[in-house]
Structures are given as structure tokens and as C-alpha cells.
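Chemist: Sequence and predicted structure are below.
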Amino acid sequence: MAHRLPLLLLPVLLCSLWWYPFVSAYKNGDDDEDPTIKTMQDFSGYVTDEPTAPFFTGSVPSLSFDAQSLQEQIDTLATFSDAPLPAVTRVLYTDKDVSARRYIKDLMKLAGLSVGEDAVGNIFGRWDGTEPELAAVATGSHIDAIPYSGKYDGVVGVLGAIEAINLLRRSGFRPERSLEVVIFTSEEPTRFGISCLGSRLMAGSEALEKALQLMVDSENISFLEAARSAGYMGGHEELSHVRLQPGHYSAFVELHIEQGPILENEGISIGIVTAIAAPASIKVDFEGDGGHAGAVLMPYRNDAGLAAAELALAVEKHALESGSDDTVGTVGILDLHPRAINSIPSKSHLEIDTRDIDEVRRNTVVEKIRQSSMEIAERRRVRLAEFEVINQDPPAPADEKIILAMEAASRELNLTYRKMISRAYHDSLFMARVSPMGMLFIPCYKGYSHRPDEHASAKDLVNGVKVLALTLAKLSLS
């Protein structure tokens with residue numbers, strides 16, 4: 001039992017933002033109950049005669065959570081950006097991305113983690129447990145940022161994970177299973193059009209491994225060239241080496257801002273994710289004949305732009321008709337050619353995102369969008385030059401054991417929580433193919449995300465990190 005007692009102390013040690021002492025009330029002849037022992041008993045469910053854990057002698061050391069220091073780290077990371085503050089732009093393998101990676105690796109080393117990277121730049125920082133042969137418990141997120149976004153998306157799950165490790169170390173806790181912080185390469189699809197690139201490869205996507213061999217960005221720079229410019233994919237490294245076998249981790253937990261307004265509106269501290277909705281991404285191209293905006297009369301036109309506009313409305317219609325609020329559809333990109341005010345569009349290009357926690361229902365919407373594309377093309381006398389489903393990933397349920405650990409951690413820290421669905425894409429979606437998965441949400445201001453005024457309060461950051469720390473501790477001993 002002795003090696004588990006530090007975990008029994010964690011709810012006490014994590015219950016305050018500021019430094020405070022835990023002084024043992026145990027003295028020979030005292031009748032007052034030792035509060036530390038009582039906490040151990042309450043937390044463990046059994047009575048112990050041991051006055052303290054072997055890591056502590058006399059008074060239990062005080063524990064601090066320096067919220068200001070964590071905020072300063074978030075602010076510092078935001079300076080590695082190709083956009084002026086408060087906006088953040090940090091795109092895969094750019095100079096700013098490489099500098100940000102270096103900063104994170106330095107923080108990992110300061111936290112006493114052993115640091116490594118794989119062929120595409122997924123970063124790993126490990127705290128070896130007392131039983132390192134067991135599958136580790138992992139946590140982490142991403143640090144890349146879409147153009148002109150904010151400084152909390154992904155970053156909270158990276159810097160918060162490192163701080164959770166620091167909290168556990170300061171508490172005197174020693175994990176049985178190793179704990180590993182993971183920073184995923186390119187969660188955002190900004191440069192190469194593939195979201196969750198690093199975690200997809202870790203989950204063993206052979207299709208992506210093949211596609212990346214030929215993939216180029218908008219400036220015709222290949223993925224391999226970009227990776228090598230950042231110091232990756234050198235020598236004989238292969239994309240297949242990134243792949244992890246199922247069971248590589250015993251659990252994966254990601255801390256993240258909600259990116260929605262529910263927690264803030266309801267005044268709830270913690271969101272415990274039960275499932276992650278998965279998108280299908282679609283590219284559609286229409287082609288017409290174009291012509292002069294004044295010379296071609298309306299009955300004789302085959303306008304590719306109007307075909308695109310009609311399909312955009314059809315996407316909305318099909319999502320609304322699914323019968324569930326969990327079904328959403330978005331036309332995020334709509335481009336016209338030649339983009340001249342006095343020219344009828346001869347080409348149009350749409351990129352569509354539709355997602356749901358129910359795979360069958362989402363795929364039904366995808367098929368309806370396909371049918372609408374063909375009907376619109378025929379009716380408007382344009383050519384459906386392309387209809388391509390880029391990805392159609394299955395949704396992922398969270399693991400029940402991890403959900404129970406997150407619930408218990410929230411209760412023990414006296415924090416309100418609710419179960420909820422993640423409708424945003426996360427690396428956890430693909431980590432669910434490698435190990436049992438769970439996610440924690442904290443509130444963010446008005447639910448704003450992917451914009452410069454994205455924000456999470458110091459109080460919510462503290463709550464999230466403490467719940468993450470206690471959850472990791474529980475899972476490391478299971």
C-alpha cells in the first residue's frame with residue numbers, strides 16, 4: 001500500500017492555486033484526528049495506521065501551482081507566429097513552427113522528461129515510472145495554428161500536460177506506468193490539407209503514408225522537402241516508422257479548450273468527452289462555359305458559380321434534415337474562376353465538411369450531397385468535373401475507464417463537470433485507434449476559437465491541469 005499513498009494525497013495537494021502548508025496534526029497524546037490521514041482514508045476507502053507516505057517526513061511539503069507562469073508560457077509560445085499579436089499563425093515546418101518546437105522541448109527537459117522525436121516531428125517527453133515495461137499513459141495535443149487564430153487551441157493540452165507532470169513531481173507522486181507527453185505534428189490542415197497528420201500516421205494510415213510521398217503545398221513545395229527543411233525525414237527514415245502498434249499506450253488523455261459555449265453558459269468547470277464526432281471532407285468542382293457578364297443573356301448561361309451556390313444551400317438542407325442536432329455541414333471554401341466582376345464564372349470549387357457522432361447518419365448526408373451535385377450539374381447545364389471524398393473517418397467513443405477516472409478526479413477536486421460530445425476534430429480521434437482514449441474540456445470565452453480573441457481564464461486553466469494531473473496519476477497506477 002505504501003507506494004500508492006502519494007496518490008491518496010493528491011486531492012489535498014491539488015486543491016489550491018497558491019502555496020500552502022500541510023502540517024501534520026499527529027502528535028503523541030493529541031486527540032485531534034490527523035487531517036492528512038483522514039484524507040488518505042476518505043480517498044482510499046480503507047483505514048491506515050501509517051501517518052505519512054514514505055515520500056514525506058514530518059510536515060508534508062507544500063505544493064504550488066503558478067498560474068502566472070503557465071500564462072507566461074502560453075504568451076511566449078504565441079510570439080512564435082507569422083501574424084502580429086494577438087493573432088497567431090504557426091504553420092507546419094515553417095521557421096516559426098521549428099522555433100516553437102524548440103521552446104517546447106526545452107520546457108520538457110526542464111520538467112525532467114526524456115525527449116525524443118519521430119520522422120515527421122511528433123515530439124515525446126517521458127517520465128519513467130517504477131514499472132517502465134508496462135504500456136505508458138500518454139497525454140498531449142498540438143501547437144500548430146491556422147492563420148490568424150488564437151493562442152489556446154492545442155497549446156493548453158501541451159503546456160498543461162507539462163505542468164501536470166510538474167505538479168505530480170512536486171507532490172512527491174511516483175507513477176507505476178510511465179507518463180508521456182506527446183506533441184502532435186500538424187493537427188491543423190493548413191499547409192497540406194490533411195488534418196491530424198501526425199496522429200493519423202501514428203495510427204497507421206497507409207493511405208496517408210503513400211499520399212505524402214507526392215503531396216505538395218500551395219507553393220509547390222513537397223511534404224518531404226518541407227519536412228527535411230525542418231530537420232525531419234533525413235537519412236533512411238520512413239513514414240512507416242511513425243506508426244504505433246495498438247496497445248502502445250495503456251491510455252491517452254487530451255486536455256483542450258471546449259471551442260464551444262456550453263461550459264461557460266452553464267457555469268460548469270470541466271467537460272468530460274464521451275465521443276468525438278468525425279468529419280467527412282469533400283471537394284467538388286463545377287465547370288461551365290463562362291462568358292461576358294453583359295453579353296450572355298440569362299437563358300443561355302451555364303454558370304458554375306450559381307451551381308456552387310446552390311450546392312452550398314443543399315449542404316445546409318441535408319444536415320438540417322438528418323433528424324439530429326449532432327449532424328452539421330459547412331462549406332468552408334468556395335472559389336470562383338476567373339474572379340472578375342464582369343465575367344460569368346466558368347469554374348467553381350467547393351470544400352465541404354460534414355460531421356456527426358453517428359457514422360451511418362453522416363455518410364447518408366455525404367451521399368445526399370453527391371446526389372445533389374449531379375442533379376444541380378444536370379439542371380444548370382454545367383459539368384461536375386470532380387466529386388471527391390477526401391476522408392471519411394469514423395467517430396470515436398471515449399473509453400469508459402478513462403471517463404470514470406476523469407469524473408472521480410473532478411469530484412475529488414470539488415469541481416462541477418458534465419459529460420459532452422466533442423464536435424471538433426482532435427488528435428484523440430486517431431489516438432483511439434492506438435489506445436483507450438479520453439478528453440477533458442475547459443471553458444473558453446464565449447466559445448470562441450480559431451480567432452485572435454480565443455481565451456481561457458487562469459482559473460479554468462488551473463482546474464483543467466489539476467484534473468488532468470489527478471487523472472494521469474490514477475491511470476498510471478491502474
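Modeler: Structure received. Numbering: from 1, shown residues only.

Chemist: For the rest of this, base every contact and every neighbour count on C-alpha atoms.
Modeler: Will do.

Chemist: so who does the nearest residue to Lys151 once chain neighbours are set aside touch?
Modeler: Closest residue in space to Lys151, ignoring its immediate chain neighbours: Ala78 at 5.6 Å, by CA to CA, 6 or more residues apart in numbering. By CA atoms under 8 Å, 6 or more residues apart in numbering, Ala78 lies in contact with 85, 88, 151.

Chemist: contacting residues around the last one?
Modeler: Meaning Lys151. For Lys151, the contacting residues are 74-75, 77-78, 87-88, 145, 452, 454-455, by CA under 8 Å, 6+ apart.

Chemist: which SS class is it?
Modeler: Following DSSP: H, G, I helix; E, B strand; the rest coil, the label given to Lys151 is coil.

Chemist: next one: the first one
Modeler: Three-state assignment for Leu85 (three-state DSSP): coil.

Chemist: List the contacts of it.
Modeler: 78-79, 452.

Chemist: got the phi/psi numbers for it?
Modeler: Phi and psi for Leu85, reported as degrees, to the nearest 10, are phi -60, psi 150.

Chemist: Check the contact between Met374 and Glu386; I expect there is one.
Modeler: No - taking contacts as CA atoms under 8 Å, Met374 lies outside contact range of Glu386: 10.4 Å.

Chemist: circling back: highest neighbour count among the contacts of Lys151?
Modeler: When the contacts of Lys151 are compared by neighbour count (other CA atoms under 10 Å), Ala145 ends up highest, at 28 neighbours.

Chemist: Distance of the residue lying closest to that one once chain neighbours are set aside relative to Thr79?
Modeler: For Ala145, ignoring the flanking residues on the chain, the nearest one in space by CA to CA, 6+ apart is Arg90 at 4.8 Å. Noted for Arg90: a distance of 10 Å to Thr79, by CA to CA, to the nearest Å.

Chemist: ok, back up a step: can you tell me which of the contacts of Lys151 end up in helices?
Modeler: Within the contacts of Lys151, residues falling in helices by DSSP state H are 74-75, 77-78.

Chemist: and of those residues, the nearest to Val465?
Modeler: Val465 has its nearest neighbour among these in Ile74, at 13.7 Å by CA to CA.

Chemist: who's in contact with that closest one?
Modeler: Residues counted as contacts of Ile74 (CA under 8 Å, 6+ apart) are 151-152, 155-156, 159.

Chemist: Check what pLDDT it gets.
Modeler: If you check Ile74, the pLDDT there is 98.

Chemist: quick one: it and Ser422, what's the gap?
Modeler: Distance of Ile74 to Ser422, computed by CA to CA: 23 Å.

Chemist: How far away from the center of its chain is stretch 124-137?
Modeler: On the basis of CA atoms, centre = their mean, to the nearest Å, stretch 124-137 is displaced by 22 Å from the centre of the chain it belongs to.

Chemist: er, stretch 279-298 actually
Modeler: Averaged C-alpha coordinates place stretch 279-298 at 36 Å from its chain's average position (CA atoms, centre = their mean).

Chemist: For that stretch, give the mean pLDDT please.
Modeler: On average, stretch 279-298 scores 96.

Chemist: ok so, going back, now render the contacts of Lys151 as JSON lines, adding distance to Thr330.
Modeler: Shown next, in JSON lines, are those (distance: CA to CA, whole Å):
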{"residue": "Ile74", "distance to Thr330": "30"}
{"residue": "Asp75", "distance to Thr330": "31"}
{"residue": "Leu77", "distance to Thr330": "30"}
{"residue": "Ala78", "distance to Thr330": "28"}
{"residue": "Ala87", "distance to Thr330": "24"}
{"residue": "Val88", "distance to Thr330": "23"}
{"residue": "Ala145", "distance to Thr330": "20"}
{"residue": "Pro452", "distance to Thr330": "21"}
{"residue": "Glu454", "distance to Thr330": "21"}
{"residue": "His455", "distance to Thr330": "24"}
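
Chemist: Specify which member of these is nearest to Arg170.
Modeler: Distances from Arg170 to the contacts of Lys151, taken by CA to CA, are shortest for Ile74, at 21.2 Å.

Chemist: lowest-confidence helix or strand of the chain?
Modeler: Each helix and strand of the chain was given a mean pLDDT (mean pLDDT, DSSP states H and E); the minimum falls on helix 35-44 at a mean of 38.

Chemist: Where does pLDDT dip in this protein?
Modeler: The chain contains residues with pLDDT under 70 at 1-64.

Chemist: Dihedrals phi and psi, the residue sitting nearest the centre point of it?
Modeler: Nearest residue to the geometric centre of the chain (CA atoms, centre = their mean): His426, 4.0 Å. As for His426, its main-chain torsions (degrees, to the nearest 10) stand at phi -150, psi 160.

Chemist: For it, give me its contacts.
Modeler: Contacts of His426 by CA under 8 Å, 6+ apart are 187, 196, 276.

Chemist: Can you name the residues that contact the second one?
Modeler: By that I understand Cys196. Counted by CA under 8 Å, 6+ apart, Cys196 has contacts 184-189, 426-427, 430.

Chemist: what's the answer for the first one, then?
Modeler: Applying CA under 8 Å, 6+ apart to Glu187 gives the contacts 142, 144, 195-199, 426-427.

Chemist: TSV for these, including distance to Ala295 and secondary structure?
Modeler: Listed next are those as TSV, based on distance: CA to CA, whole Å; DSSP: H, G, I helix; E, B strand; the rest coil:
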residue	distance to Ala295	secondary structure
His142	52	strand
Asp144	48	coil
Ser195	44	coil
Cys196	47	coil
Leu197	48	helix
Gly198	51	helix
Ser199	53	helix
His426	50	coil
Asp427	52	coil
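
Chemist: Adding distance to Thr364, write those out as TSV.
Modeler: Shown next, in TSV, are the contacts of Glu187 (distance: CA to CA, whole Å):
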residue	distance to Thr364
His142	31
Asp144	32
Ser195	22
Cys196	24
Leu197	26
Gly198	29
Ser199	27
His426	23
Asp427	25
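
Chemist: Return the member of those nearest to Asp95.
Modeler: For the contacts of Glu187, the residue nearest Asp95 by CA to CA is Asp144; the value is 12.0 Å.

Chemist: Name the nearest residue to the closest one, ignoring sequence neighbours.
Modeler: Arg90 is the one closest to Asp144 (CA to CA, 6+ apart), at 5.2 Å.
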